[in-house]
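Colleague: Kindly generate the corresponding structure for this input.
(2 chains, ligands or ions: 2)
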Amino acid sequence: MALSKRQRAKVFRVSQYALLVVVAAVLAVVADWSEIQRSFFNLDIAAEMFPNVITVALKNTLVYTALGFAFGLALGLVLALMKLSPVGPYRWLATIYIEFFRGVPALLVFIALSFGVPLAFGLQFDIYSTVMLALGIVGAAYMAETIRAGIQAVPKGQIEAARSLGMSHGRTLLTVVIPQAFRIILPPLTNELILLTKDSSLIYIIGLARDQYELTKFGRETLSRSPSLTPILVVGLCYLLITLPLGHLSRYLERRTGGKKISTPESTGLGVSA
Amino acid sequence: MSELAVEITGLKKSFGTLDVLKGIDVRVERGDVVCIIGPSGSGKSTLLRCVNLLEEPTGGTIVVNGTELTDPDVDIDAARTRIGMVFQSFNLFSHLNVLNNLMVAQRKVLKRDAKQAQEVALRNLERVGLSDKVNAMPGQLSGGQQQRVAIARALSMDPDVMLFDEPTSALDPELVGDVLGVMRQLADEGMTMLVVTHEMQFAREVADRVLFMDGGYVVEEGPAEQVIGAPQHERTQSFLARVLDPTHQGPRST
Ligand SMILES: Nc1ncnc2c1ncn2[C@@H]1O[C@H](COP(=O)(O)OP(=O)(O)OP(=O)(O)O)[C@@H](O)[C@H]1O
Ligand SMILES: [Mg+2]
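Modeller: Ligands and ions are numbered 1, 2, ... in the order given. This next block holds a predicted model:
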């Protein structure tokens, strides 16, 4: 039975659908739907989580992430400029920093800041400072490389134009290079923001007051009172509320900056009298 | 102050082992238009870029309006505000609209207040015939319009000298005229200009003097009708033959 190439492809496709139908049918018969609903979609538990899951947990996740991102961005910019410095030691220090903090787990940094530093130096940060420092220190290591790449991607002609207008090196950096670099790296920075949003969950290892809970801690705490996966599912959806739009934003920005701008058709013929 | 706007003496420039400029002397009087022609790779851009120290000379001196730029103690940023530069690739700041392209250096470097900077910007935009594009972004403009904005941006600093490096080479043929028109008008107003160009017609009509460069030297210089109309040097002749009548020549291009 010699089947043509096209016929074989068709048989293959049909059998894939058939498999899917069989698996779905078996699941429908075998599964205990009320049990599944009790453990995953318990609406009573979900309802009980509101409104605090939004007004406290989601809000805190956003605040912690924003703090960490802001600090990480500033530190990342400094590190990127150090990496581009003509002074060797600056470059080496930046490289060591970046390699170190990209190489160790973020959780380790949270532990260091919340338990290590207080024990070693007797220095106790409040919760906001701890999150800001921990997330920022880790985020900066990643953002530094992105920012450096962005700065190097600014066309040389832009810098020469600025210098030829009398701008100093530093003025050129501030007025021309950095604004353009940030336009270029907006998509990868948005992705970094998504990663930080998820990493903000690491704060759960620290003892938090109830009004300091972020999503993960809030879910974990609700879970200990309600033996169901529902709390985890709810906070998971809350994370998606943040990360999915950011993901779309990142892809949108990527398309926008990737696409070449077109010149307007009405723009010719405005002659200057010769 | 002398009548010389630009005085270049014994200028040398090498990139590593490559000697690009091997001893150039150029004097440009105030109000003069000097066109620089020559084959590709002869060092025309390098010469122009040395005049505002975008390239650091290896030897020789450059004096612009009495300021020796090659003096190690010179404030080069201040000196550059007096020297306008127009690039082949326009180089408008892509993140700023037209008005801000014209205002940013006035504000940040010359410390003009917003009102004055805007006034100067609008006046220069009008000079290049683009008053209706104040709010456009560079990406929305044609090449010819971008280059005219770039000229207006340089003019907004009130320079004593303008440098043009092949300002029309990146343009579609039908847009060249607009840019040359602006440059011609500038020349008529008495601006001192150093222009690297392949537009022989423009050089003939506008230039007070033409320099022909080849192999790192100025091979021939003089009034346009002489250098372009009746070149003395053999290398000038063959270059002009190739440029003026490219279809009747072999594949070696300029
Ligand atoms: N930054 C640089 N590093 C190394 N070599 C360079 C550099 N800039 C220019 N050169 C070399 O110097 C020589 C002269 O270049 P230049 O751009 O001045 O020529 P040009 O006369 O302007 O040519 P064109 O008509 O093609 O613009 C070329 O061989 C070029 O490769
Ligand atoms: Mg050139």
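
Colleague: Three-state assignment for B:Ser169, please.
Modeller: B:Ser169 falls in the coil class when you classify it by DSSP: H, G, I helix; E, B strand; the rest coil.

Colleague: Kindly report the same for B:Leu21.
Modeller: With three-state DSSP as the basis, B:Leu21 sits in strand.

Colleague: sec struct for the closest residue to it other than its chain neighbours, please.
Modeller: Leaving aside its sequence neighbours, B:Leu21 sits nearest to B:Lys13 (CB to CB, 6 or more residues apart in numbering or on different chains; 4.1 Å). Yep, even glycine has a C-beta here, placed from its N, CA and C like the rest. When classified by three-state DSSP, B:Lys13 comes out as strand.

Colleague: Where do the helices of the chain begin and end?
Modeller: If you meant another chain, say so; for now it's chain A. A:5-30, A:33-40, A:43-49, A:52, A:59-83, A:88-103, A:106-111, A:117-121, A:127-153, A:156-164, A:169-172, A:178-199, A:215-225, A:230-258 (DSSP state H).

Colleague: that's the other chain; I wanted chain B
Modeller: Listed in chain order, the helices of chain B (DSSP H) span B:44-51, B:76-81, B:98-108, B:114-127, B:143-155, B:173-188, B:200-206, B:224, B:234-244.

Colleague: quick one: average confidence on the fourth one?
Modeller: Going back to what we said before, that points to helix B:114-127. Across helix B:114-127, pLDDT averages out at 97.

Colleague: How about the shortest one?
Modeller: Per-residue pLDDT values across helix B:224 average out to 93.

Colleague: what helices or strands is it leaning on?
Modeller: Contact here means 3 or more CB pairs under 8 Å, 6 or more residues apart in numbering or on different chains; DSSP states H and E; on that basis helix B:224 packs against helix B:200-206.

Colleague: Any stretches of chain B with poor pLDDT?
Modeller: Confidence mapping of chain B against pLDDT under 70 gives the ranges B:1-2, B:248-254.

Colleague: Quickly note the distance from the residue nearest to B:Leu21 to chain A.
Modeller: According to CB to the nearest CB, to the nearest Å, B:Lys13 and chain A sit 16 Å apart.

Colleague: what's the neighbour count on that residue?
Modeller: 22 (other CB atoms under 10 Å in any protein chain shown).

Colleague: before we move on, back to that, so which of the helices of chain B is nearest B:Gly31?
Modeller: Closest to B:Gly31 of the helices of chain B is helix B:173-188 (CB to CB; 8.9 Å).

Colleague: Tell me the buried residues in that closest one?
Modeller: B:175-187 (16 or more other CB atoms under 10 Å in any protein chain shown).

Colleague: With distance to A:Thr146 added, can I get the helices of chain B in TSV?
Modeller: Below are the helices of chain B laid out as TSV (distance: least, CB to CB, whole Å):
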stretch	distance to A:Thr146
helix B:44-51	32
helix B:76-81	30
helix B:98-108	26
helix B:114-127	34
helix B:143-155	29
helix B:173-188	38
helix B:200-206	46
helix B:224	52
helix B:234-244	47
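
Colleague: Could you identify which of those is most buried?
Modeller: Mean neighbour count (mean count of other CB atoms under 10 Å in any protein chain shown) peaks for helix B:143-155 among these, with a mean of 26.

Colleague: now check it, is it near chain A?
Modeller: Yes. Helix B:143-155 lies within reach of chain A by CB under 8 Å from any CB of the partner chain, at B:Gly143, B:Gly144, B:Gln145, B:Arg148, B:Ala150, B:Arg153, B:Ala154.

Colleague: residue contacts, the last one?
Modeller: Read that as B:Ala154. If a contact means CB atoms under 8 Å, 6 or more residues apart in numbering or on different chains, then B:Ala154 has A:Ser164, A:Leu165, B:Gly84, B:Met85, B:Val86, B:Met162 as its contacts.

Colleague: Looking at the residues you listed, which is nearest A:Pro245?
Modeller: Checking the contacts of B:Ala154 against A:Pro245 by CB to CB gives A:Leu165 as the nearest, at 39.9 Å.

Colleague: which one is the closest one nearest to, not counting chain neighbours?
Modeller: B:Ala105 (3.7 Å).

Colleague: do you know how far that neighbour is from B:Gln185?
Modeller: 22 Å (CB to CB, to the nearest Å).

Colleague: Pull the residues that contact stretch B:103-110.
Modeller: A:162, A:165-167, A:171, A:175, B:77, B:81, B:93, B:96, B:112, B:114, B:116-118, B:120-121, B:153, B:156-157.

Colleague: hmm, back to that, wait, which of the helices of chain A is closest to chain B?
Modeller: helix A:156-164 (3.8 Å; CB to the nearest CB).

Colleague: Remind me what that closest one packs against, helices and strands.
Modeller: Applying 3+ CB pairs under 8 Å, 6+ apart, one finds that helix A:156-164 contacts helix A:169-172, helix B:76-81, strand B:83-86.
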